[in-house]
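Trainee: got a sequence here, can you model it:
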Amino acid sequence: MEYKLNAAHRVLGRLASEIALLLRGKDTARFDPAKIFHNRVTVLNTDKMRVTGKKMDQKLYRRHSGFHGGLKEKTLKEVWQKDSREALRRAVLGMLPKNRLRARIIKNMILTKGEI
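Mentor: Numbers count the residues shown, from 1 in each chain. Down below sits the predicted model:
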């Protein structure tokens, strides 16, 4: 199935949970957790999304290189300024199951900054 969502004036986390549900196929009667439903979700206007509270300054994305002192941190504001699509992609990735299917499921999501 093909879904088109408009992200303008929508809250980041609520939109991400809706996208994760559609990507997994949990909205269908024939849902199977071991199958990939090839639901393609296109999200428009990711630059017009919003977040609530102080998340722009307080939410941190962390990664570690494995070496001593190799912890890198970025705030949501830094990620958003570089590319708003990356903030939504990370939110959806966190809501998908952490297994082999995750990388294949996320490929069915298309993000655009403006209208098509």
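Trainee: list the buried residues in stretch 57-73.
Mentor: residue 59 (16 or more other Cβ atoms under 10 Å). C-beta here means a position set from N, CA and C on the backbone, and glycine is covered the same way.
Trainee: what's in contact with it?
Mentor: 51, 74, 75, 76, 77, 79, 90 (Cβ atoms under 8 Å, 6 or more residues apart in numbering).
Trainee: mean confidence for it?
Mentor: Stretch 57-73 carries an average pLDDT of 97.
Trainee: let's see the distance spanning it from one end to the other.
Mentor: Distance across stretch 57-73, first residue to last, is 12 Å (Cα to Cα, to the nearest Å).
Trainee: show me where the protein has helices.
Mentor: Under the criterion DSSP state H, helices of the chain are mapped to 12-24, 55-58, 76-82, 84-95, 102-106.
Trainee: out of those, which is closest to residue 47?
Mentor: helix 84-95 (4.6 Å; Cβ to Cβ).
Trainee: now do that closest one: which elements does it pack against?
Mentor: Secondary-structure packing of helix 84-95 (3 or more Cβ pairs under 8 Å, 6 or more residues apart in numbering; DSSP states H and E): helix 12-24, helix 76-82, helix 102-106, strand 109-111.
Trainee: how about that helix: buried residues?
Mentor: 84, 85, 87, 88, 89, 91, 92, 93.
Trainee: list of residues touching stretch 76-88?
Mentor: Residues from elsewhere that reach stretch 76-88 (Cβ under 8 Å, 6+ apart): 7, 12, 15-16, 19, 43, 46-47, 49, 51, 55-57, 59-61, 90, 111-113.
Trainee: kindly present the helices and strands packed on helix 84-95 as JSON lines, with separate columns for mean pLDDT.
Mentor: Conversion of the helices and strands packed on helix 84-95 to JSON lines gives the following (pLDDT from 0 to 100):
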{"stretch": "helix 12-24", "mean pLDDT": "97"}
{"stretch": "helix 76-82", "mean pLDDT": "97"}
{"stretch": "helix 102-106", "mean pLDDT": "96"}
{"stretch": "strand 109-111", "mean pLDDT": "97"}
